[in-house]
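K.L.:
Got a predicted structure plus its sequence, pasted below:
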Amino acid sequence: MLCGAEEEDYEHLFRCSKQKQWRTDFLIALEAHLTKRETAADLRLAIVTNVRHWLNGREQVASYQDEVGTWHEFIKGFICSSWSEQQENYYRMHEKDPIQDTGEMWTAALIGCLWQWSHQSWNKRNEETHKADGNRGSAREQLEAESRTRALYEQASHLIV
């Protein structure tokens, strides 16, 4: 609704033209999260590249995520188990702590990061949509008023005697 789209769904929330700054901040935070969690370089590159492409409506590079679903599902937390296994192998190869640094812990932390940013996007959308703007009301109220006014004008020829 922030951009005036007729239909606003979960996917639109992330790809909306009004969310450009959020997308930039999200991608920076995602890469920082993956780096902090010592994600294997090829895995980090695959994730960040494909999420960036999905957010911007571009074609994604083929990856294991395709086995689970789209990158839309990835952002919801549906992450292919192959990546958890790949990260587990990377941690073992680099002799990381087998208790703290596991593929399962890596996946859980990634899902937490994705959910946190999804929630932030939803809150931002709600603040923008429902905040009052002086006497004009919220963005949602303004769009609804414009829609009703357009509908009345379209029917005006039938109403005038």
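P.N.:
It's in.
K.L.:
looking at this structure, which helix or strand is least sure?
P.N.:
Lowest by mean pLDDT, DSSP states H and E among the helices and strands of the chain is helix 65-68, with a mean of 59.
K.L.:
so residue 115 touches residue 77, yeah?
P.N.:
Yes. The criterion here is CB atoms under 8 Å, and residue 115 meets it with residue 77 at 6.2 Å. In short, each C-beta sits where N, CA and C put it, glycine included.
K.L.:
for the chain, what spans make up the strands?
P.N.:
Counting by DSSP state E, the chain has no strands to list.
K.L.:
Point out the other helices and strands that the top helix by length along it packs with.
P.N.:
Longest helix in the chain, counting residues (DSSP state H): helix 103-130. Using 3 or more CB pairs under 8 Å, 6 or more residues apart in numbering; DSSP states H and E, the elements in contact with helix 103-130 are helix 10-15, helix 20-36, helix 71-76, helix 81-93, helix 139-159.
K.L.:
May I see the buried residues of the first one?
P.N.:
It refers to helix 10-15. In terms of neighbour count (16 or more other CB atoms under 10 Å), helix 10-15 has its buried residues at 12-14.
K.L.:
pLDDT averaged over that helix, what's the number?
P.N.:
For helix 10-15, the mean per-residue pLDDT is 72.
K.L.:
List the contacts of it.
P.N.:
5, 19, 23, 55-57, 72, 75-76, 118, 121-122, 125 (CB atoms under 8 Å, 6 or more residues apart in numbering).
K.L.:
Buried ones only from these, please, as a PyMOL command.
P.N.:
Applying 16+ other CB under 10 Å to these, the buried members can be selected in PyMOL as follows:
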select buried, resi 19+23+55+75+118+121+125
